[in-house]
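K.L.:
task: produce atomic coordinates for the following.
(2 chains)
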Amino acid sequence: MNDSGGSAIALCGATVRFGHHVIWEKLDLNVAPGTCLAILGSNGAGKSTLMKVLLGLLPLSAGTITINGRPPGHGSAETGYVAQQRFFDPDLPIRGRDLVQFGVDGHRMGLPRTRGRQVDPAIEAVGAQGYADVPIGLLSGGQQQRLRIAQALAGGPRLLLCDEPLASLDPAAQDEIVAVIDQHRREHGTTVVYVTHEITPIADVVDQVLYLAAGRWAAGSPDTVLTTRSLSALYGTHIDVIRVHGHVVIVGEEGHQH
Amino acid sequence: MGIGFLLQQPFAQHALLAAALVAVSCGLIGPFVVTRGMAFAVHGTAELAFTGAAAGLLVANNPVVGALVGAVVVAGLIALFGAGQRERDSAIGVILAFGMGIGVLLLGFYHGFATAATNILFGNIFGVSGDQLIVLLVIGMIVVAVMGIWYRPLLFASVDPEAAEARGVPVGRLGLLFLVVLALTVTGAAQVVGTLLVLSLAITPAAAAQRLSASPLTVAGLSILFAVVAADGGLLASFQSNVKASVFISSFSFAMYVAARLAGPLLRDRRRRAEQPGHPRRQQAPEPEASHLATADQDQ
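P.N.:
Numbering: from 1, shown residues only, chains lettered A, B, ... in the order given. Alright, predicted model coming up:
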C-alpha cells in the first residue's frame, strides 16, 4: 500500500480537518501513471479541498501525499491545471495565445511574451489553431475551454488536474473536450484527474473512481464503486445507481438527483 | 502671449513634465484597473487623497507626504475589508464615506491657509513646484519598476486568478501590491488633474486602448500614449485659451474613447476576416452528433 515509487498520485492516511470539522480522513489512494481518475461526490464532499491538496495549495492535517514520487510543489510545472469553465469578458484584451503562454511562464517575473516555443504545439494539440489570435472573450465556451487545456498542457505536465472542466458546456462541447484530453493522455501517458459531480460525460474514459461522501470515501474501478451496494454503504442510506444508455444516474445522493 | 514664450516659462515646463509623468503611470496601470474592475477603487483612493493631505497639513505641514501615506493606508484598508470585487466596491464606499468625513474634520482643525489640501481635490497643474515634480518623478519610477517586474504574473492573476494560483502566482499578495501602486499613482495624479478627473487618465485611455487591440502589450502602449496625448495635449490647448487644463484633458481623453469605440469594431472585423473566414461567435460551437445526448440529459 505504501509503495508510492511508481505512482503518479499516492495518498496514505490522508486527512484534512478544519478545526474539529473533518473534510475527509484516512484516505488511501494509488494512481498509476497514465490513468484517468474521477473524483466524485456531491457538493461539499471535499472534492475542491482534495484538488487544493493535489495542487500543493493546502497541506494535509495528517497522512502523506506524493505526486510522481515527490510532495506536491506549489506551482510545479509537472502539474497542469484546468479550471472550471467561466466565460471571459468580451472586452478582455487577451488572445488565446496569451492565455496559453501563461501556462509556460505566467508565474515568472517580467513582461509578457507571445511567441514562446511551447505555445504553438499546445495550441495544435487541442486543435485551436484557427482562433488562437482572436480575443478570448469572443470565443464559444468550448473554444475557451480548449485554450485553457492548451494552457495546462503548455508546461508539459505529467499530471493534468481538471476541476469541473465541463460545467456549463453543452453536451457536444463536453464530448469534444473529453476527447481532446483523452487523446493527449493516450499519446503522452499523462495522468488525468477529473473533479466533477457528474460522471456521465467522462464515463467512457475513466479507469478509476474516488467517491467522497460525508467525510468518508470509496475508491476503485467505476464498476465496483458506482453500484447501489457500494454507494449505499458509503452514505449509510439507500442509494440507487441506475445505468441508462451510457448514463450513470445516482438517485438519493443527499437529496440531489444526478 | 505666444505659445513659444509660454513654453520657456518654468511653470509651463513643470506643468508639461508633471502631466507627462502622471500620464505614463496612469496609462500603465489603466489596463489592469479595467481588467480587474477597479474603477471605483481609483475614484475612492483619489478622493481620499484629500483626507491624507489634510492630515499631512495638520501633523507635519506637508500635504503631499500626508496624501502619499494616506494612499498606502487606504490601499491596505481596501485589501483588508474587500476580498471579492463586489465586496471590495462596498468596502471602498464605506471607507470613502468615513474618510471624507474625517478629512473635513481635520481641515477644520487647521488654521492656516488650506489651499494645499483643496488643491488636491481640484488639481493645480500650474502650481507644480520643483519638489512636487521630484515626488511625481519618484512615484513614476516606482510604478514603472513595480509594473516592469511583476507585469506578467499580475496580468495572469488579473485574467485568470484560479489558474494563476495553481501555477504558483501569489495572487493575493500581487493584488495588495497593485492596490498600493494604484493608490500612489492616483495620489500623484490628483495633484495635477485633481481627484475628480483622475479617472480621465487612469481609466479612459485604457478603456479606449482595449477597444483597438487584444494584445496585452499593444494595449499597454496605446493606453500610455493616449494618456500622455490627453494630458499634455490638454495642457497645450489650455495655454492657447482661457479654459482650464482639466476641461481639455478630460475632453481629449473622452474624445479618444469615443473614437476608439467607433473604430474598434471595424478594426476587429477586418482582422477577423483576414485571419479566419466564418469566425464562430460566442455560444455557437459546432454540434456534431449532439442529438442522442441532448434528449437524455436532464440530470442537472
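K.L.:
secondary structure class for the spatially most central residue of chain A?
P.N.:
What sits nearest the mean C-alpha location of chain A, by C-alpha atoms, centre = their mean, is A:Cys162, with 2.4 Å. Under DSSP: H, G, I helix; E, B strand; the rest coil, the three-state class of A:Cys162 is strand.
K.L.:
could you measure from the residue lying closest to it once chain neighbours are set aside over to A:Ser230?
P.N.:
Closest residue to A:Cys162 apart from its sequence neighbours, by C-beta to C-beta, 6 or more residues apart in numbering or on different chains: A:Val82 at 4.3 Å. Backbone N, C-alpha and C define where each C-beta goes, glycine included. Distance, A:Val82 to A:Ser230, using C-beta to C-beta, to the nearest Å: 28 Å.
K.L.:
cool, and B:Ala231?
P.N.:
When B:Ala231 is compared with A:Ser230 (using C-beta to C-beta), they lie 68 Å apart.
K.L.:
give the contact list for the closest residue to A:Gln145 other than its chain neighbours.
P.N.:
Leaving aside its sequence neighbours, A:Gln145 sits nearest to A:Gln85 (C-beta to C-beta, 6+ apart; 5.0 Å). If you count contacts by C-beta atoms under 8 Å, 6 or more residues apart in numbering or on different chains, A:Gln85 has them with A:141, A:144-145, A:148, A:164-169.
K.L.:
where does the chain have low pLDDT?
P.N.:
Going with chain A. A:1-5, A:114-116, A:254-258 (pLDDT under 70).
K.L.:
right idea, wrong chain: chain B
P.N.:
For chain B, the ranges with pLDDT under 70 are B:1, B:83-85, B:112-114, B:116-117, B:120, B:271-300.
K.L.:
what about the helices in it?
P.N.:
Taking DSSP state H as the criterion, chain B contains helices spanning B:3-7, B:10-35, B:39-60, B:63-81, B:85-109, B:115-122, B:130-159, B:161-166, B:171-193, B:199-202, B:204-212, B:216-239, B:245-275, B:291-296.
K.L.:
list the buried residues for the third one?
P.N.:
The one in question is helix B:39-60. B:39-58 (16 or more other C-beta atoms under 10 Å in any protein chain shown).
K.L.:
packing partners for it?
P.N.:
If you count contacts as 3 or more C-beta pairs under 8 Å, 6 or more residues apart in numbering or on different chains; DSSP states H and E, helix B:39-60 packs onto helix B:10-35, helix B:63-81, helix B:85-109, helix B:115-122, helix B:171-193, helix B:199-202.
K.L.:
by how many degrees do it and helix B:171-193 diverge?
P.N.:
70 degrees (axes from the mean of the first three to the mean of the last three C-alpha atoms, to 10 degrees).
K.L.:
next: the fourth one.
P.N.:
Following the same axes, to 10 degrees, one obtains 150 degrees for the angle between helix B:63-81 and helix B:171-193.
K.L.:
what are the phi and psi angles of the closest residue to chain B within the stretch 1-150 of chain A?
P.N.:
In the stretch 1-150 of chain A, the residue that lies nearest chain B is A:Gly75 (1.6 Å; C-beta to the nearest C-beta). When read as degrees, to the nearest 10, the backbone of A:Gly75 gives phi 80, psi 20.
K.L.:
and what of A:Phe87?
P.N.:
phi -70, psi 140.
K.L.:
pretty sure it contacts A:Gln144?
P.N.:
Yes. The criterion here is C-beta atoms under 8 Å, and A:Phe87 meets it with A:Gln144 at 7.0 Å.
K.L.:
in terms of neighbours, single out the busier of these two.
P.N.:
Set A:Phe87 next to A:Gln144 and count neighbours by other C-beta atoms under 10 Å in any protein chain shown: A:Gln144 wins out with 24 against 15.
K.L.:
leaving out sequence neighbours, find the closest residue to B:Arg36.
P.N.:
B:Ser158 (5.0 Å).
K.L.:
next, the contact list for the one you found, please.
P.N.:
Counted by C-beta under 8 Å, 6+ apart, B:Ser158 has contacts B:32, B:35-36.
K.L.:
which one among these gets closest to chain A?
P.N.:
Ranked by distance to chain A (C-beta to the nearest C-beta), these are led by B:Thr35 at 6.6 Å.
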